[in-house]
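> Make a model of this:
(chains A, B, C and D)
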2 protein chains.
Amino acid sequence: MLDQEERVDVFVAIASPVRRALLATLTGGPLPVRDIAAGFSISRPAVSQHLRILKEASLVSEERVGRERRYQLNAKPLREVEQWLTHYERFWRARLDALRDALEVLEDQH
Amino acid sequence: MLDQEERVDVFVAIASPVRRALLATLTGGPLPVRDIAAGFSISRPAVSQHLRILKEASLVSEERVGRERRYQLNAKPLREVEQWLTHYERFWRARLDALRDALEVLEDQH
DNA sequence: TTGACACGTAAGACCTTGCTTACCTATTGT
DNA sequence: ACAATAGGTAAGCAAGGTCTTACGTGTCAA
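Below is the predicted model of the structure:
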């Protein structure tokens, strides 16, 4: 079960708005490249190149069906991003708490 | 309370391992550039340039104290990333559920 | 078996990124 | 006033990303 080409960092993969849009497109289920590219203004080869990056980040997998290649979303690597975020969650929560406390003080003054 | 230079996409800002390390460095509290750069092998100007990107993504703020500039973590923009992730959470959760179910079937077979 | 289709890949243009060194300004301490 | 410190900025460069068009390969259908 070893990933053969896990070269691309997930953070790098999702840094591109185009690639995030590609992932969003695949939330509805697997699609062949033709259908994916239909929703984008860039050329089909450009879409293929982005799909390759996503594949090398394991964010999509490809299944060959006849002459089509159906790309499927694989969200699992996003857990790394979520895990990274948890280290910072307390910081923006701290901010919110401070704001809430400040508002409470204002409330009490009335 | 308008951000004067919110040019940089948060996803782009955190795509760099160096910048993620810079953010990690600041979790301990505000630091002057000198102290930040001490933990990195790249030059101080390179650190300054990364800090600028982070500042333009509002991930850090700077406070001038004498001849120092103390950079402080501001995690709030990371909420955008977290919010984006929630759209995909159900996908990797679906995977986990499928795995758990498969394991249960194996259990039952014994 | 021949043409159309689906798709990847190669090559090249172009822009951006990320580093370096050199230099500048602002502040502090003597 | 002057030297040292803190740190931003400019210039230059190598490397990499992102498009395009052209082309190659595998598959289907007549």
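
> so how many other residues sit close to the closest residue to residue A:39 other than its chain neighbours?
Once flanking residues are discounted, residue A:39 sits nearest to residue A:25: 6.0 Å by CB to CB, 6 or more residues apart in numbering or on different chains. In short, each C-beta sits where N, CA and C put it, glycine included. Using other CB atoms under 10 Å in any protein chain shown, residue A:25 has 18 other residues around it.

> partners of residue A:72 in the sheet?
Taking DSSP bridges as the rule, residue A:72 bridges to residue A:61.

> While we're on it, how confident is the model there?
Per-residue pLDDT puts residue A:72 at 97.

> Need the per-residue pLDDT for residue A:1.
Looking at residue A:1, the pLDDT reads 44.

> How about residue A:95?
So residue A:95 comes in at 65 (pLDDT).

> any idea of the mean pLDDT in stretch A:37-44?
97.

> ok, back up a step: which helix or which strand is home to the residue nearest to residue A:39?
helix A:17-25 (DSSP states H and E).

> next structured bit after that helix?
Taking DSSP H and E, what comes next after helix A:17-25 is strand A:31-32.

> how far away is residue A:20 from residue A:94?
28 Å (CB to CB, to the nearest Å).

> Kindly report the same for residue A:76.
Taking CB to CB, one finds residue A:76 at 30 Å from residue A:94.

> Kindly report the same for residue A:67.
Distance from residue A:67 to residue A:94, by CB to CB: 55 Å.

> Please identify which of those two sits among more neighbours.
Just comparing residue A:67 and residue A:94: by other CB under 10 Å the higher neighbour count belongs to residue A:94, 11 against 6.
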